[in-house]
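Participant: what's the 3D shape of this:
(chains A, B, C and D)
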There are 2 protein chains.
Amino acid sequence: MTRPRPARLVRSERATRDGIPEATVSRLPFYLQALTALAERGVATVSSEELATAAGVGSAKLRKDLSHLGSYGTRGVGYEVQYLIYQISRELGLTQDWKVVIVGIGNLGHALANYGGFTSRGFTVAALVDADARVVGETVAGLTVTGLDSLDQTVSSLGIQIGVVATPGPAAQEICDRLVAAGVTGVLNFAPCVLTVPDGVMVRRVDLATELQILAFHEQRRAAGRLAGEMPAEPQDLSEALGAIGEPRTTLTKSRAEAAG
Amino acid sequence: MTRPRPARLVRSERATRDGIPEATVSRLPFYLQALTALAERGVATVSSEELATAAGVGSAKLRKDLSHLGSYGTRGVGYEVQYLIYQISRELGLTQDWKVVIVGIGNLGHALANYGGFTSRGFTVAALVDADARVVGETVAGLTVTGLDSLDQTVSSLGIQIGVVATPGPAAQEICDRLVAAGVTGVLNFAPCVLTVPDGVMVRRVDLATELQILAFHEQRRAAGRLAGEMPAEPQDLSEALGAIGEPRTTLTKSRAEAAG
DNA sequence: AAGCGCTTGTGAACGTATGCACAAAGTTGC
DNA sequence: GCAACTTTGTGCATACGTTCACAAGCGCTT
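Facilitator: Numbering: from 1, shown residues only, chains lettered A, B, ... in the order given. As a prediction, the model looks like this:
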């Protein structure tokens, strides 16, 4: 049942119409960062080559990315730094101020609340919320931590659009549900679990351990290559596997604070 | 083997032998997390459909990802949870213990040092380093913070392989250089800048503000769609752009100081 | 042993992303 | 005003990633 099919595809830059490729969007913040650094040094214009180097990408990729926003460069000259900063900011929606609530004021929540990178880029941390009565009432980064009870009212009355979940894993889904019910339409999830949300709500997950694991993969690979040339790592025996990982149903991770009631 | 094969197909499958696609690697930690959760609940076997749901991906993608590691499933049954946990762990290099140094014990450094997700997954935070004399000597997460002077010796004597840079941006490159010189071969960078490293050293960048910006992009786009049906937002508001930035686009050599007034 | 239902593993189609190379379009110098 | 030079924007080729659809394989029942 083989059907010969001509691979002819008439596809004319459809993404340009109003959609920017996801890969491009994910790089825009880096360009913005590099441009801001250049602006602070008083640089007025920059070529794609220079900007690409500053952002850690190739110049062709940079140009193609920017071309999705429009023709904002001048041939023979380059890009005007201030103008490009504005265009990228506008595209990312940073010309308006976004209100953020951070839920879970543990170590990470503290760090996020005090993180300057948020406020300096169009984001306002408008509220801090925690379940622990010992933390409620505390002042962190100039804000008083409130309890979980008032979460719904806080979000809706302040008009908060984005929620940052920095709670332990088991509590995350419930917090997320309440955030969404209160009107939040974007969630940044630091908890090590998948959050289920209705259509129209976006979740981005950031897992610090994941990043280390990806790093470890490449480290290990590199180390293995050095030790044995190009010897492929063969699957090990099952007995060894079970021995290394432990018996079935043994505790793989230790204690975890339970916040679900 | 019963079916005739196209002549030049072998090359694309070659990546499977010792190379796993980067996109797959980036998802393995999520599968591992989901599997660990299942194991804690005493689940013995799991189908690709169930595991995919738990990990937040499609089942076809999951199966293809796992197929790059080998044939570790049983048709008609699914995957044995413990065995798969071991196989993914081994592939990620988590069967050995990785030693990590965290440089920059500010808010974020504190959070990272206390973050349980590291230690529970094959990573040992072996040292904490900070430049600030007021922080040096402090005990964080059971470790004493040491000064920058001893960074090189700490890394090499403890055999640390991975460095986590949680310093302010301007200091990051110098710290990174010293880490690499001392023997670190993997760097996790939380500073908002590009780190330049020699070949053979890997850098992964995590920027918290970047994640929020990507979220804002989608939020803004969705909001625009609601206001105007599905009308594409045309980026032609040149006058608005100029008003916000304050500098005419046509004069490229004009200084920023003039535009400020 | 044969049939049936279920699930994996994978070929193939489709879509997206990347990098090269160069024409188009600007600036500079004379 | 024109030629030489610089840099953008993009068509094209290729690589990579995702999704579909289904044969192959396994266990269970008859």
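Participant: for residue A:143, what are phi and psi?
Facilitator: Main-chain dihedrals, residue A:143, degrees, to the nearest 10: phi -120, psi 150.
Participant: low-confidence stretches in the stretch 1-150 of chain A?
Facilitator: A:1-18 (pLDDT under 70).
Participant: quick check: pLDDT value at the residue in the stretch 151-261 of chain A positioned nearest to DNA strand D.
Facilitator: Nearest residue of the stretch 151-261 of chain A to DNA strand D (CB to the nearest atom of the strand) works out as residue A:214 at 12.3 Å. C-beta: built from backbone N, CA, C; applies to glycine. Residue A:214 is assigned 96 on the pLDDT scale.
Participant: that one belongs to a strand?
Facilitator: No: with DSSP: H, G, I helix; E, B strand; the rest coil as the criterion, residue A:214 is located in helix rather than a strand.
Participant: wait, doesn't it sit right on residue B:30?
Facilitator: No: using CB atoms under 8 Å, residue A:214 makes no contact with residue B:30, being 10.9 Å away.
Participant: roughly how far apart are residue A:53 and residue A:196?
Facilitator: As for residue A:53, its distance to residue A:196 is 41 Å (criterion: CB to CB, to the nearest Å).
Participant: if you count what's nearby, which of these two comes out ahead?
Facilitator: residue A:53 (17 against 13; other CB atoms under 10 Å in any protein chain shown).
Participant: tell me the contacts of the more buried one?
Facilitator: By CB atoms under 8 Å, 6 or more residues apart in numbering or on different chains, residue A:53 lies in contact with residue A:59.
Participant: do the same with residue A:211
Facilitator: B:188, B:204, B:206.
Participant: for my notes, confirm it occurs in a helix.
Facilitator: Yes: if the criterion is three-state DSSP, then residue A:211 is within a helix.
Participant: can you pull the phi/psi pair for the residue of the stretch 51-200 of chain A found nearest chain B?
Facilitator: In the stretch 51-200 of chain A, the residue that lies nearest chain B is residue A:93 (2.8 Å; CB to the nearest CB). The phi/psi pair for residue A:93 (degrees, to the nearest 10) reads phi 80, psi 30.
Participant: any idea how far residue A:125 is from it?
Facilitator: From residue A:93 to residue A:125 the distance is 17 Å (CB to CB).
Participant: residue A:135 too?
Facilitator: On the measure of CB to CB, residue A:135 and residue A:125 end up 16 Å apart.
Participant: neighbour count for those two, which is higher?
Facilitator: Shown here are residue A:135 and residue A:125; by other CB under 10 Å, residue A:125 has more neighbours (22 against 19).
Participant: residues touching that one, list them.
Facilitator: A:100, A:101, A:102, A:112, A:113, A:118, A:119, A:141, A:143.
Participant: name the SS class of it, please.
Facilitator: Recorded secondary structure, residue A:125: strand (three-state DSSP).
Participant: so what's it bridging to?
Facilitator: residue A:100 (DSSP bridges).
Participant: how far away is the closest residue to residue A:44 other than its chain neighbours from DNA strand D?
Facilitator: Spatial nearest neighbour of residue A:44, chain neighbours left out: residue A:81 (6.0 Å); criterion: CB to CB, 6 or more residues apart in numbering or on different chains. Separation of residue A:81 from DNA strand D (CB to the nearest atom of the strand, to the nearest Å): 11 Å.
Participant: could you pull up the contacting residues of residue A:81?
Facilitator: So residue A:81 contacts A:35, A:38, A:39, A:43, A:44, A:45, A:46 (CB under 8 Å, 6+ apart).
Participant: try 10 Å
Facilitator: Neighbour list for residue A:81: A:34-46, A:51, B:247, B:256 [criterion: CB atoms under 10 Å, 6 or more residues apart in numbering or on different chains].
Participant: and if you look at residue A:89?
Facilitator: Contacts of residue A:89 were listed using CB under 10 Å, 6+ apart, and they are A:28, A:32, A:35, A:36, A:95, A:96, A:121, A:122, B:213, B:216, B:244, B:245.
Participant: can we see that at 6 Å?
Facilitator: Neighbour list for residue A:89: residue A:95 [criterion: CB atoms under 6 Å, 6 or more residues apart in numbering or on different chains].
Participant: let me know whether whichever strand or helix holds it sits next to DNA strand C.
Facilitator: Here residue A:89 is covered by helix A:81-92, with elements defined by DSSP states H and E. No: in terms of CB under 7 Å from any atom of the strand, no part of helix A:81-92 sits within range of DNA strand C; the closest distance is 14.0 Å.
Participant: related to what we said a few turns ago, excluding chain neighbours, what is closest to the residue of the stretch 51-200 of chain A closest to chain B?
Facilitator: In space, residue A:93 is closest to residue B:220, 2.8 Å off (CB to CB, 6+ apart).
Participant: on that earlier part again, and the contacts of residue A:81, which is closest to residue A:172?
Facilitator: Nearest to residue A:172, judged by CB to CB, of those is residue A:36 at 32.3 Å.
Participant: what helix or strand is the closest one on?
Facilitator: helix A:22-40.
Participant: how far off helix A:81-92 does that helix point, in degrees?
Facilitator: Compare the direction of helix A:22-40 with that of helix A:81-92 by axes from the mean of the first three to the mean of the last three CA atoms, to 10 degrees and you get 150 degrees.
Participant: skip the chain neighbours and tell me the closest residue to residue A:61.
Facilitator: Nearest residue to residue A:61 in three dimensions, chain neighbours excluded: residue A:52, at 7.3 Å (CB to CB, 6+ apart).
Participant: for the helix or strand containing the one you found, C-alpha coordinates in CSV please.
Facilitator: Following DSSP H and E, one finds residue A:52 within helix A:48-55. Taking C-alpha atoms only, helix A:48-55 is exported to CSV below (Å, rounded to 0.1, in the frame of the first residue of the first chain):
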residue,chain,number,x,y,z
SER,A,48,23.2,41.6,13.8
GLU,A,49,26.7,40.1,14.2
GLU,A,50,27.4,42.0,17.3
LEU,A,51,24.0,41.5,18.8
ALA,A,52,24.1,37.8,18.0
THR,A,53,27.4,37.5,19.8
ALA,A,54,26.1,39.3,22.8
ALA,A,55,23.1,37.1,22.9
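Participant: any bit of it sitting next to DNA strand C?
Facilitator: No: Helix A:48-55 stays clear of DNA strand C (CB under 7 Å from any atom of the strand), getting no nearer than 9.5 Å.
Participant: next one: the helix or strand that that helix is followed by to chain centre, how far?
Facilitator: Downstream of helix A:48-55, the next assigned helix or strand under DSSP H and E is helix A:59-67. On the basis of CA atoms, centre = their mean, to the nearest Å, helix A:59-67 is displaced by 22 Å from the centre of the chain it belongs to.
Participant: what lies in contact with helix A:59-67?
Facilitator: A:24, A:27, A:48, A:49, A:52.
Participant: PyMOL command for the buried members of the residues you listed?
Facilitator: This is how PyMOL selects the buried members of the contacts of helix A:59-67, with burial counted by 16 or more other CB atoms under 10 Å in any protein chain shown:
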select buried, chain A and resi 24+27+48+52
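Participant: any idea how far the residue of the stretch 51-200 of chain A closest to chain B is from residue A:124?
Facilitator: 14 Å.
Participant: between these two, tell me which one has more neighbours.
Facilitator: More neighbours surround residue A:93 than the other of residue A:93 and residue A:124, with 20 against 14 (other CB under 10 Å).
Participant: from what I see, that one and residue B:215 are in contact.
Facilitator: No: counting by CB atoms under 6 Å, residue A:93 stays clear of residue B:215, with 9.1 Å between them.
Participant: quick check: closest non-adjacent residue to residue A:120.
Facilitator: residue B:209 (7.9 Å).
Participant: correct me, but the one you found touches residue A:117?
Facilitator: Yes: in this structure, residue B:209 is within contact of residue A:117 by CB under 6 Å, at 3.8 Å.
Participant: run a quick neighbour tally on residue A:40.
Facilitator: With other CB under 10 Å as criterion, residue A:40 counts 9.
Participant: for it, give its distance to DNA strand C.
Facilitator: 24 Å.
Participant: in which helix or strand does whatever residue of the stretch 101-250 of chain A ends up closest to chain B reside?
Facilitator: Residue nearest to chain B within the stretch 101-250 of chain A: residue A:220 (2.8 Å; CB to the nearest CB). Element membership for residue A:220 (DSSP H and E) is helix A:208-228.
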